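Q: Give me the fold of what follows.
(chains A and B)
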Amino acid sequence: DIQMTQSPSSLSASVGDRVTITCQASQDIINYLNWYQQKPGKAPKLLIYDASNLETGVPSRFSGSGSGTDFSFTISSLQPEDIATYYCQQYDHFPRSFGPGTKVDIK
Amino acid sequence: QLVESGGGVVQPGRSLRLSCAASGFSISDYALHWVRQAPGKGLEWVAVISFDGDIQYYADSVKGRFTISRDTSKNTVYLQMNTLKREDTALYFCAREQRGYKPWGQGTLVTVSS
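A: Presented below is the predicted three-dimensional model:
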């Protein structure tokens, strides 16, 4: 099974800051990686698919990159509405797996 | 749109069946997944049924106890959960696979407790 790790597990940043989250897969998943945003009490929302493609309607301050085993997710200018937990997810193999999540707060 | 139902409080060892009713698209065109989230925890993938219904995969934690199925006439996917354990307590989401999981339902809460 493919294990996904994320770092950091949480972060606190100021409005306007650049925020980067990393995700690592235990084996090569090519670019079969998605990023989701989950706000408290809500279902997750797809932000990035295929590692670097921005989902329709998602603000351009969100971006993703990487391939193989190492990936990153960036918010170029943190906004108050970005307070949430962010998850990476691989879909190269079954069972599918999510990273443990990164909780993003405003400082 | 996806709407889950069937959650509730159930004793350990008992069974429960969750439903995921789809509208606005045909479940025959997409793979459908179940994902769960224990209280205060992260997301855990549970199961998938392929667009043609021929293929199902399960997480190791539920294999042999849970069964995913569908009824195309009702455009609904099910998750039959048997021999429930306390660690199955979670909010259960269904989600359509289309370049990632979208949309998601609002979730249905399953609590396994005596």
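Q: and residue B:83, that's in a helix?
A: No - applying DSSP: H, G, I helix; E, B strand; the rest coil, one finds residue B:83 to be coil, outside a helix.
Q: Backbone torsions only: list them for the closest residue to it other than its chain neighbours.
A: Take residue B:83 and drop its neighbours on the chain: the residue closest to it by Cβ to Cβ, 6 or more residues apart in numbering or on different chains is residue B:65, 4.9 Å away. C-betas here are computed from N, CA, C, even on glycine. Main-chain dihedrals, residue B:65, degrees, to the nearest 10: phi -110, psi -30.
Q: Was I right to think residue B:65 contacts residue B:81?
A: Yes - assessed by Cβ atoms under 8 Å, residue B:65 is found in contact with residue B:81 at 6.8 Å.
Q: Comparing these two, which shows the higher neighbour count?
A: residue B:81 (24 against 15; other Cβ atoms under 10 Å in any protein chain shown).
Q: quick one: contacts for residue A:81?
A: Shown in contact with residue A:81 (Cβ atoms under 8 Å, 6 or more residues apart in numbering or on different chains): no residues.
Q: what about it, is that helix, strand or coil?
A: Using three-state DSSP, the secondary structure recorded for residue A:81 is helix.
Q: what does the one 5 residues further on give?
A: Under the three-state scheme (three-state DSSP), residue A:86 adopts strand.
Q: before we move on, back to that, show the pLDDT at the residue nearest to residue B:83.
A: What the model reports as pLDDT for residue B:65 is 98.
Q: could you measure it against residue B:74, distance?
A: 24 Å (Cβ to Cβ, to the nearest Å).
Q: now residue A:92
A: Distance from residue A:92 to residue B:74, by Cβ to Cβ: 32 Å.
Q: more neighbours, those two?
A: residue A:92 (15 against 12).
Q: Which helix or strand contains the more buried one?
A: Under DSSP states H and E, no helix or strand contains residue A:92.
Q: Now do the same contact list for it.
A: Per Cβ under 8 Å, 6+ apart, neighbours of residue A:92: A:2, A:25, A:28-30, A:32.
Q: Just the buried ones from those?
A: Neighbour-count burial (16 or more other Cβ atoms under 10 Å in any protein chain shown) applied to these gives A:2, A:25, A:29, A:32.
Q: Can you verify my assumption that the last one contacts residue A:50?
A: If I follow you right, that is residue A:32. Yes - contact criterion Cβ under 8 Å: residue A:32 and residue A:50 qualify, at 7.2 Å.
Q: The closest residue to residue B:11 other than its chain neighbours and residue B:14, how far apart?
A: Excluding its sequence neighbours, the residue lying closest to residue B:11 (Cβ to Cβ, 6+ apart) is residue B:114, at 5.3 Å. Distance of residue B:114 to residue B:14, given as Cβ to Cβ: 10 Å.
Q: List every C-alpha atom in stretch B:62-72, with coordinates, as PDB.
A: Taking C-alpha atoms only, stretch B:62-72 is exported to PDB below (Å, rounded to 0.1, in the frame of the first residue of the first chain):
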ATOM      1  CA  VAL B  62     -13.000  -2.900   6.100                       C
ATOM      2  CA  LYS B  63     -12.300  -5.700   3.700                       C
ATOM      3  CA  GLY B  64     -14.500  -8.700   4.400                       C
ATOM      4  CA  ARG B  65     -16.900  -6.700   6.500                       C
ATOM      5  CA  PHE B  66     -18.100  -3.900   4.100                       C
ATOM      6  CA  THR B  67     -19.600  -4.400   0.700                       C
ATOM      7  CA  ILE B  68     -20.200  -1.600  -1.900                       C
ATOM      8  CA  SER B  69     -23.000  -2.100  -4.500                       C
ATOM      9  CA  ARG B  70     -25.300  -0.100  -6.600                       C
ATOM     10  CA  ASP B  71     -28.800   0.100  -8.100                       C
ATOM     11  CA  THR B  72     -28.700   1.800 -11.400                       C
END
